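>>> Kindly generate the corresponding structure for this input.
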Amino acid sequence: MVIFHHPHVQTAVIGPSIVVPIRENKARLGTWQQVVVINHDNHAGKRVVEVTILGV
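Presented below is the predicted three-dimensional model:
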């Protein structure tokens, strides 16, 4: 029997990362889109958000 830890299932469904195109110093998001950081774990801890910028 396999038991899945709830936060791991959420992360697997939603995914651990996103790509956001940036043009003219603005995030190119749709009308109803936004960037949201979600902590799936249910106990306190320090979290790090890493941003990588690629391009010209």
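>>> use CA for all of it now, contacts and neighbours both
Will do.
>>> just the helices in this structure please.
If DSSP state H is used as the criterion, the helices of the chain fall at 6-14.
>>> Check residue 24 and give its pLDDT.
Among the per-residue scores, residue 24 holds a pLDDT of 88.
>>> what about it, neighbour count?
Per other CA atoms under 10 Å, the neighbour tally for residue 24 reads 6.
>>> Dump stretch 19-37 to PDB, keeping only the CA atoms.
Extracted as PDB, the C-alpha positions of stretch 19-37 are listed here (Å, rounded to 0.1, in the frame of the first residue of the first chain):
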ATOM      1  CA  VAL A  19       8.100  30.700 -16.700                       C
ATOM      2  CA  VAL A  20       6.900  34.300 -17.100                       C
ATOM      3  CA  PRO A  21       7.900  36.200 -20.200                       C
ATOM      4  CA  ILE A  22       9.000  39.800 -19.500                       C
ATOM      5  CA  ARG A  23       8.900  42.500 -22.100                       C
ATOM      6  CA  GLU A  24       9.600  46.200 -21.600                       C
ATOM      7  CA  ASN A  25      10.200  45.600 -17.900                       C
ATOM      8  CA  LYS A  26       6.700  44.100 -17.300                       C
ATOM      9  CA  ALA A  27       5.600  40.600 -16.800                       C
ATOM     10  CA  ARG A  28       3.500  39.500 -19.800                       C
ATOM     11  CA  LEU A  29       0.600  38.000 -18.000                       C
ATOM     12  CA  GLY A  30      -3.000  37.600 -19.200                       C
ATOM     13  CA  THR A  31      -5.800  39.700 -17.900                       C
ATOM     14  CA  TRP A  32      -6.700  37.300 -15.100                       C
ATOM     15  CA  GLN A  33      -3.200  35.900 -14.500                       C
ATOM     16  CA  GLN A  34      -1.000  36.500 -11.500                       C
ATOM     17  CA  VAL A  35       2.100  34.900  -9.900                       C
ATOM     18  CA  VAL A  36       1.400  33.200  -6.600                       C
ATOM     19  CA  VAL A  37       3.800  31.500  -4.200                       C
END
